[in-house]
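>>> My questions are about this predicted structure, shown below with the sequence.
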Amino acid sequence: MDIRDGKIVKGINFLDIKEVGDPVEQGAYYAQQGADELVYLDITATNENRKIFLSLVREIAQTINIPFTVGGGISTIDDVSALLDTGADKVSINSAAIKNPELITALAHRFGSQCIVIAMDIKNEQDNWFVYLNGGKIKTSLQASTWAKEAEELGAGEILLTSMNNDGTKNGFANDVTRTISQQLHIPIIASGGAGTMQHFADAFTVGKADAALAASVFHYKEIEIPVLKKFLATNNIPVRI
Amino acid sequence: MNVVVIRYGAGNIQSVLFALRRIGINPVLSSEPEVISKADKVIFPGVGEASSTMKELKSSGLDTVIKELKQPFLGICLGLQLMCKHSEEGDVDCLGIFNLKVKKFAPSSVYKVPHVGWNNIEQSEGPLFKGIPENSYVYYVHSFHAEIGKETCAKTNYINPFSASLSKDNFYAVQFHPEKSGTTGETTLQNFISL
């Protein structure tokens, strides 16, 4: 769930953003439907919004009974400390980790790798997957697989891999790059961006070798119901919690 | 119902307090021996490192207080490990309520350590698991685990079988996080509160 001004929003290819619901209500609904984990990203993450987000995190922690990850604009140990103390289970770091890779090590040392998720927004250009900064606005020269490997070595506990080419298209996950990174690393990879059908989820696990799959709009707009999806995956021999 | 959650310098226990409130309990957070001794139910949560938290327990005298409690007592995650005899984490002697050792998982190329995520519990028995079907999923975050012994009342298999839950007399413990384990976790907490 992408959060702006305390509401869930959704864009296509990171643009054209619309409000789609209440984060606490929607999170509770997903938990009850059988989601294994929720991710909340504060996509504005300015200083004044940070306080609103923190009180939202508290409300989420009070309400839902499954683990959740929070991210968006996290750049210091104090930011992480505040979010974990408020009740978040994991934090997701993106731009700040690219600008300051030692942050990953410092956070892993202080809070443990199990709660440090490194989020990567990546885009395919001329057969190379490049890492983007600031919510997909600024291109870097970093290659996705190089950065993923480095993040693991520095102490990341998970990688949340979002393909900007696939995000919002509903044409399936970026299975090639997901598989390449998943096979190189020893930490879990969460595939993100592009879910449109139940088969896309199955492909993310079997073709993309992802450890988990994340989706937003197909669930927000009830195009796919979680219990139906989990049954579908189970009948395709993919181990799921039902 | 007077439910006390022990505060002893271990990490994030906010989620446990929230989960208790969701099942209608208003817990008291305390490190005072007198408050803990008078509670109807005592919960001993914790995330952290074994040897440093044992040191905290000893310096506050809570180690002796806990062992002498007669009311239902529930250890969660690190709480379970500290209730065992010894932990490899920091090579420390623990409370010894359960005569078991706590060992580190040996990582492999297939199984990652820490063990983070949902896993199923097998051969679950006893009052904590009343109404919970065999092979239900619960949520784990841990690098150390208690071996299997006669106090084991639920098992999970990850790298090797380990104690998902332990019980002896008034002492109960779970390695998983009931506060994050959906309705299965809420039932476990509710069962403990109903003891």
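Structure's in. What do you need? Residues are numbered from 1 along each chain as shown, chains lettered A, B, ... in the order given.

>>> how close does the closest residue to B:Ala39 other than its chain neighbours sit to B:Cys84?
Distances taken as C-beta to C-beta, 6 or more residues apart in numbering or on different chains place B:Val4 nearest to B:Ala39, at 3.8 Å, with adjacent residues excluded. (Each C-beta comes from the backbone N, C-alpha and C, glycine too.) According to C-beta to C-beta, to the nearest Å, B:Val4 and B:Cys84 sit 22 Å apart.

>>> residues contacting the residue nearest to B:Cys94 when sequence neighbours are not counted?
For B:Cys94, ignoring the flanking residues on the chain, the nearest one in space by C-beta to C-beta, 6+ apart is B:Leu82 at 4.9 Å. When contacts are counted by C-beta atoms under 8 Å, 6 or more residues apart in numbering or on different chains, B:Leu82 touches B:44, B:46, B:50, B:53-54, B:57, B:75, B:94-95.

>>> quick one: which of the residues you listed has the most company?
Using other C-beta atoms under 10 Å in any protein chain shown as the neighbour test, the contacts of B:Leu82 are led by B:Phe44, with 30 neighbours.

>>> Which stretches in the chain count as helices?
Using chain A. Here chain A has its helices, by DSSP state H, at A:23-33, A:47-63, A:77-86, A:95-99, A:102-111, A:144-154, A:175-184, A:198-206, A:217-220, A:226-235.

>>> that's the other chain; I wanted chain B
For chain B, applying DSSP H gives helices covering B:14-22, B:33-38, B:50-59, B:62-67, B:78-82, B:182-193.

>>> The helix or strand of chain A with the lowest mean pLDDT: which residues count as buried?
Across the helices and strands of chain A, the lowest-confidence element by mean pLDDT, DSSP states H and E is strand A:15-21, at a mean of 75. Using 16 or more other C-beta atoms under 10 Å in any protein chain shown as the test for burial, strand A:15-21 gives A:20-21.

>>> What are the contacting residues of it?
Outside strand A:15-21, the residues that touch it by C-beta under 8 Å, 6+ apart are A:2, A:4, A:7-11, A:43, A:217, A:220-221.

>>> can you give me how far the top strand by length along chain B is from the chain middle?
If you go by DSSP state E, chain B has its longest strand at strand B:160-168. Between the mean C-alpha location of strand B:160-168 and the chain-wide mean there is a distance of 10 Å, by C-alpha atoms, centre = their mean, to the nearest Å.

>>> same check, this time on stretch B:4-22
On C-alpha atoms, centre = their mean, the centre of stretch B:4-22 falls 12 Å from that of its chain.

>>> Can you get me a residue count around the nearest residue to B:Glu125 once chain neighbours are set aside?
In space, B:Glu125 comes closest to B:Cys153 once its chain neighbours are excluded; the distance is 5.4 Å by C-beta to C-beta, 6+ apart. If you count neighbours by other C-beta under 10 Å, B:Cys153 ends up with 22.
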